[in-house]
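1. Fold the following.
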Amino acid sequence: MTTREFVTFRICDQMFGVSVSEIHDVFRPAAMTPVPLSGPEIAGVLNLRGRIVTAIDARSRLGLPPSTKSRTCQRLAIGVERYGESFGLIIDEIGDVVRLEESELEQNPVNLDATWSGVSRGVYRLEDRLLVIMDIDRMLAGLGAEDAAAAA
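-> From the prediction side, this is the model:
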């Protein structure tokens with residue numbers, strides 16, 4: 001049996017997972033600079049250890065309402081590299097690293113929200129919840145190098 005490790009995180013009330021190998025860092029986005037004329041999913045850009053990172057608001061990207069948490073509550077981001085650029089996907093909460101059997105990955109259920117299905121590689125049915133495995137390429141679709149370079 002082949003297992004894979006996933007970093008889990010929460011956006012709204014849904015648990016998502018991304019392969020550990022795709023995540024470069026987990027960080028608290030600070031001192032974000034707004035990007036004029038960018039789409040609502042671009043929360044801004046920031047400097048993370050000398051790299052310019054485009055911060056993507058996952059809630060906005062998924063068509064979800066803004067968080068109701070207090071502004072003083074620290075947001076988290078998972079850092080990924082795509083298209084030769086650095087991105088930080090702003091999430092609500094980080095979870096655990098889980099190890100799951102590849103053979104147990106299922107296709108998206110027909111009743112899974114269409115937006116979530118559009119960014120999903122499949123799902124794992126865990127004891128108490130559904131874990132949606134996020135496809136980072138689909139999540140960042142439309143934010144290729146030319147868009148990221150324009151944002152930076």
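2. Could you pull out the helices in this protein for me?
-> If you assign secondary structure with DSSP state H, the helices in the chain sit at 58-61, 114-118, 136-139, 145-151.
3. Let's see the first one as CSV, backbone CA atoms only.
-> Put plainly, it is helix 58-61. Once side chains and other backbone atoms are set aside, the C-alpha atoms of helix 58-61 remain, and they are given as CSV (Å, rounded to 0.1, in the frame of the first residue of the first chain):
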residue,chain,number,x,y,z
ALA,A,58,-9.0,31.5,-0.3
ARG,A,59,-12.4,32.5,0.9
SER,A,60,-12.8,35.1,-1.9
ARG,A,61,-11.4,32.6,-4.5
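4. What helices and strands are in contact with that helix?
-> strand 85-91 (3 or more C-beta pairs under 8 Å, 6 or more residues apart in numbering; DSSP states H and E). For every residue, glycine as well, the C-beta is placed using N, CA and C.
5. ok, residues contacting the strand it packs on?
-> Applying C-beta atoms under 8 Å, 6 or more residues apart in numbering, the set of residues contacting strand 85-91 from outside is 9-11, 16, 24, 27, 29, 43, 46, 48, 51-59, 75-81, 136, 139-140, 143, 145, 148-149, 152.
6. Can I get the buried part of those residues as one PyMOL selection?
-> Those of the contacts of strand 85-91 that meet the burial criterion (16 or more other C-beta atoms under 10 Å) are gathered into one PyMOL selection, given here:
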select buried, resi 9+10+11+16+24+27+29+43+46+48+53+54+55+56+57+58+59+75+76+77+78+79+80+136+139+140+143+148
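7. Okay, and which of the contacts of strand 85-91 map to strands?
-> In strands, defined here by DSSP state E, the members of these are 9-11, 16, 27, 43, 46, 48, 51-57, 76-81.
8. Quick check: which ranges of the protein have low pLDDT?
-> For the chain, the stretches flagged by pLDDT under 70 are 69-73, 143-152.
9. Quickly list what the residue nearest the centre of it is bridged to.
-> Averaging the C-alpha coordinates of the chain gives a centre point, and the residue nearest to it by C-alpha atoms, centre = their mean is residue 89 (4.4 Å). Applying DSSP bridges to residue 89 yields these beta-bridge partners: residue 56, residue 78.
10. One more: the one 4 residues further on?
-> Residue 93 forms beta bridges with residue 10, as assigned by DSSP bridges.
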